[in-house]
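**Student:** For reference, the sequence and a predicted model appear below.
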Amino acid sequence: MNYRTDIPLLFLILSACSFAADCPPRDGSPDAQQMERFDRQGQTEFRRGDFSGAAGDFGRAACLAPANLVGIFELLQSAAAAMGASDFSRAISALKDADRSAPGYTLALAMLVKVELLAGDDSDLKATLRELARRFPGDGRLHAGLVQDLLQASRHDLALAEALRFEQTGTEDSRAMLNLAVLENQAGALEDAARVAISLEEARQIPSKTRSSGAAVAGLSYEGLGQLPEATTHFRTAIELDPGAPNAYLALARIYGVQQNHEQALAVLELAQKNVPGSRQILLALGSAQVAVDRFAAARDTLAGLLDRFPDEWEAYLKLAAAYRNSGEPVMATQTLRRLADRQSNYPRLHIVIAESMLDENPVDYFGVLQELAKAETASGQDYDIFYLKGRVYVATVRYDQAIDAFQRAIVARPTDPSAYYQLAMAYRKSGRSDLAKEQFARMQFLKGN
């Protein structure tokens with residue numbers, strides 16, 4: 001963040017001290033404009049982790065400063081140089097000295113927050129934040145900047161506290177308010193998040209992209225509250241305000257999917273593909289929606305194109321395989337799944353899915369199916385689907401005793417699934433044990449009825 005520099009205040013409170021030893025000779029009076037430029041650059045560089053650049057700019061500011069400002073810039077330079085050497089202790093010491101020299105100046109403590117975040121010093125970090133809150137409760141820009149630093153470090157709990165402090169200052173800052181809405185949403189304060197987000201959505205004086213983000217957060221909050229019509233309205237507003245942002249389309253399509261309105265979800269995603277061409281998230285969602293409404297040829301084109309550009313989009317292989325399988329091309333489905341296995345051999349349950357796909361082929365390579373199931377068993381251990389599919393292979397290859405054992409083990413793994421009882425009954429029937437077959441058929445009917 002660009003920490004606020006109150007230059008007039010510094011003139012009043014800093015004592016005289018010598019120039020930095022490495023400053024070039026100069027004539028004339030201090031250059032306040034250049035000094036402030038280097039100060040701002042140093043702050044920005046420190047925030048983004050360019051400590052060497054920050055040290056250089058704070059040093060240049062010291063060289064241009066009047067005598068009573070030199071000391072603070074030398075301390076900031078020392079802190080930045082220490083951070084460049086990962087010497088957290090020296091950096092903290094320099095910043096505390098700077099704060100003691102200028103207790104009415106926010107920069108040293110704000111920089112100290114950054115150092116303590118990187119050092120992982122949680123207790124000192126919280127103490128520094130409390131001190132900032134005590135001494136500068138009305139400085140909205142300060143607290144908004146601290147939110148950004150805390151978010152960057154994924155300290156959402158502390159960021160939320162700072163965002164609430166920012167809100168109490170009454171400062172107008174749409175980015176900080178958006179951060180507050182997002183953090184409240186993540187923390188489960190959904191009604192508060194919706195309130196803040198709607199205020200941004202309705203603020204016509206701020207950029208449309210920010211208003212769109214506010215509408216999207218409002219939509220997420222109402223979705224979390226289970227108020228789907230309200231969520232839908234806000235997501236549509238987010239799209240209208242910023243047609244190029246993909247997340248609102250994805251969220252709106254997700255709601256329609258939950259409502260089993262797959263055609264409407266597809267329409268939203270087709271609009272998204274038009275307005276946000278090339279987005280991998282949109283392409284994956286679009287291909288999945290096309291599969292859901294039985295547009296398998298279109299799904300094949302969408303998902304194959306996605307994988308040409310983004311071959312690490314693992315879920316797309318599964319969706320493309322489903323499109324091939326449902327359009328009567330099981331061999332292509334199996335080949336697609338094997339492409340995934342070649343790239344991501346540890347993908348969960350992949351060998352089970354390949355085995356299922358192979359069983360749809362004609363003719364079926366039963367030995368190959370058992371090989372895939374053996375790999376799945378090595379990876380997954382005792383699994384219902386492994387036993388169930390083994391049983392199907394054994395029935396098809398007239399190994400009824402092995403089929404009966406496999407289906408019995410499937411039932412142990414998942415005792416409330418009627419399918420295994422049906423298959424076990426068929427295995428008993430084909431092996432000539434009709435009484436046992438009737439018993440399993442009765443159990444299947446009981447489970448289906450309940």
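**Tutor:** Thanks, I have the structure now.
**Student:** Neighbours of the nearest residue to Leu350 once chain neighbours are set aside, how many?
**Tutor:** Distance criterion C-beta to C-beta, 6 or more residues apart in numbering; nearest residue to Leu350, sequence neighbours excluded, is Ala341 at 5.6 Å. Just so you know, the C-beta spots here come from the backbone N, C-alpha and C atoms, and that holds for glycine as well. When neighbours are counted by other C-beta atoms under 10 Å, Ala341 registers 17.
**Student:** Can you list the buried residues in the strand or helix carrying Ala341?
**Tutor:** Assigned by DSSP states H and E, Ala341 belongs to helix 330-343. Within helix 330-343, the residues that count as buried by 16 or more other C-beta atoms under 10 Å are 330, 332-334, 336-338, 340-341.
**Student:** again, but for stretch 87-96
**Tutor:** For stretch 87-96, a neighbour-count test (16+ other C-beta under 10 Å) marks 88, 91-92, 94-96 as buried.
**Student:** now the helix or strand hosting Phe446, how far from the chain's geometric center?
**Tutor:** Element membership for Phe446 (DSSP H and E) is helix 434-449. Put simply, helix 434-449 sits 47 Å off its chain's centre (C-alpha atoms, centre = their mean, to the nearest Å).
**Student:** returning to what we had before: return the list of helices and strands in contact with the helix holding Ala341.
**Tutor:** helix 314-326, helix 350-359 (3 or more C-beta pairs under 8 Å, 6 or more residues apart in numbering; DSSP states H and E).
**Student:** Now the shortest one: average pLDDT?
**Tutor:** The average of the pLDDT scores along helix 350-359 is 96.
**Student:** send the alpha carbons of it over as CSV?
**Tutor:** Written as CSV, here are the backbone C-alpha positions of helix 350-359 (Å, rounded to 0.1, in the frame of the first residue of the first chain):
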residue,chain,number,x,y,z
LEU,A,350,-9.4,-43.1,-12.9
HIS,A,351,-8.8,-46.9,-13.4
ILE,A,352,-12.4,-47.7,-12.3
VAL,A,353,-13.8,-45.2,-14.8
ILE,A,354,-11.6,-46.7,-17.5
ALA,A,355,-12.8,-50.2,-16.6
GLU,A,356,-16.5,-49.0,-16.8
SER,A,357,-15.8,-47.4,-20.2
MET,A,358,-14.2,-50.6,-21.5
LEU,A,359,-17.2,-52.6,-20.5
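**Student:** contacts for that helix?
**Tutor:** 318, 321, 325, 330, 333-334, 337-338, 340-341, 344, 364-365, 368-369, 372-373, 375-376, 379-380, 383, 385-386, 389, 392-393 (C-beta atoms under 8 Å, 6 or more residues apart in numbering).
**Student:** now those residues: which count as buried?
**Tutor:** Members of the contacts of helix 350-359 classed as buried by 16+ other C-beta under 10 Å are 318, 321, 325, 330, 333-334, 337-338, 340-341, 364, 369, 372-373, 375-376, 379, 383, 385-386, 389, 392-393.
**Student:** re the thing from before, quick one: contacts of the helix holding Phe446?
**Tutor:** Contacts of helix 434-449 (C-beta under 8 Å, 6+ apart): 416-418, 421-422, 424-426, 428-429.
**Student:** Among those residues, name the buried ones.
**Tutor:** Buried residues within the contacts of helix 434-449, counting neighbours by 16+ other C-beta under 10 Å: 421-422, 424-426, 428-429.
**Student:** Run through the stretch 201-350 of the chain and note the low-pLDDT ranges.
**Tutor:** Counting by pLDDT under 70, the stretch 201-350 of the chain contains no low-confidence segment.
**Student:** wait, doesn't Ile206 sit right on Ser174?
**Tutor:** Yes: shown here, Ile206 and Ser174 form a contact pair, counting by C-beta atoms under 8 Å, at 4.5 Å.
**Student:** got any residues that touch both of those two?
**Tutor:** In terms of C-beta under 8 Å, 6+ apart, Ile206 and Ser174 are both contacted by the residues Leu200.
**Student:** those helices in the stretch 351-450 of the chain, which residues are they?
**Tutor:** 366-380, 384-396, 400-413, 418-430, 434-449 (DSSP state H, counting those that start in this stretch).
**Student:** ok, the contacts of helix 434-449 vs Ala272, which is closest?
**Tutor:** Ala272 has its nearest neighbour among those in Asp417, at 37.6 Å by C-beta to C-beta.
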